[in-house]
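Undergrad: only geometry, no sequence info:
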């Protein structure tokens, strides 16, 4: 594998994001609530997947992203006959968002300051996606498929940005619970 010494623009951008101190007010406000809800107690341990051996959040994100991504594929190539399946997939993603968010907040509450800065931007991107997909689902239910598809595409862009940041946290920064047996 060839590694260049100059990081790509995405790496430079996320490194700047990690150091963006103006985000600290948002981080502090969110951390106070997250600490109460997801701290070291039983709820936090369950949501972080300590009973399972590693973080639950990445697996749950696959349900959300997979559902919404599949809906997007159906919207783009499935035609009118795929519309009911696309609407169902948008709904499945929306149903999976709750538990996915709770597990993510539990992981976030145990992470460091730079990871928490990236995390609040991750949440903003995913929150935008949730809003767009909720609007998409409602539009589809009301027979406004074109609007539903358009909102779904907005959601796809936002969730892609959120997934990039989530992937950065999990892979580059190692955010995620894991059993000590994996330390070797």
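TA: Perfect, I can see it now. Given the structure is predicted, the values throughout are model-derived calculations rather than measurements.
Undergrad: Tally up the residues packed near residue 114, please.
TA: 18 (other Cβ atoms under 10 Å). (Glycine included, C-beta is placed from N, CA and C.)
Undergrad: ok, now how distant is it from residue 7?
TA: 16 Å (Cβ to Cβ, to the nearest Å).
Undergrad: And for residue 34?
TA: From residue 34 to residue 7 the distance is 30 Å (Cβ to Cβ).
Undergrad: Show me what the helix or strand harbouring residue 74 is packed against.
TA: Per DSSP states H and E: residue 74 is located in helix 57-77. When contacts are defined as 3 or more Cβ pairs under 8 Å, 6 or more residues apart in numbering; DSSP states H and E, helix 57-77 packs onto helix 83-109, helix 145-167.
Undergrad: Can you check what angle separates it from helix 83-109?
TA: 150 degrees (axes from the mean of the first three to the mean of the last three Cα atoms, to 10 degrees).
Undergrad: I'd like to know how far residue 56 sits from residue 108.
TA: From residue 56 to residue 108 the distance is 13 Å (Cβ to Cβ).
Undergrad: I meant residue 157, not that one.
TA: 23 Å.
Undergrad: who wins for proximity to residue 183 among the helices and strands packed on helix 57-77?
TA: Of all the helices and strands packed on helix 57-77, helix 83-109 sits nearest to residue 183, with 17.6 Å by Cβ to Cβ.
Undergrad: Give me the mean pLDDT for that closest one.
TA: Mean pLDDT, helix 83-109: 96.
Undergrad: Hmm, residue 14 is touching residue 167, no?
TA: No - counting by Cβ atoms under 8 Å, residue 14 does not reach residue 167; the two are 10.1 Å apart.
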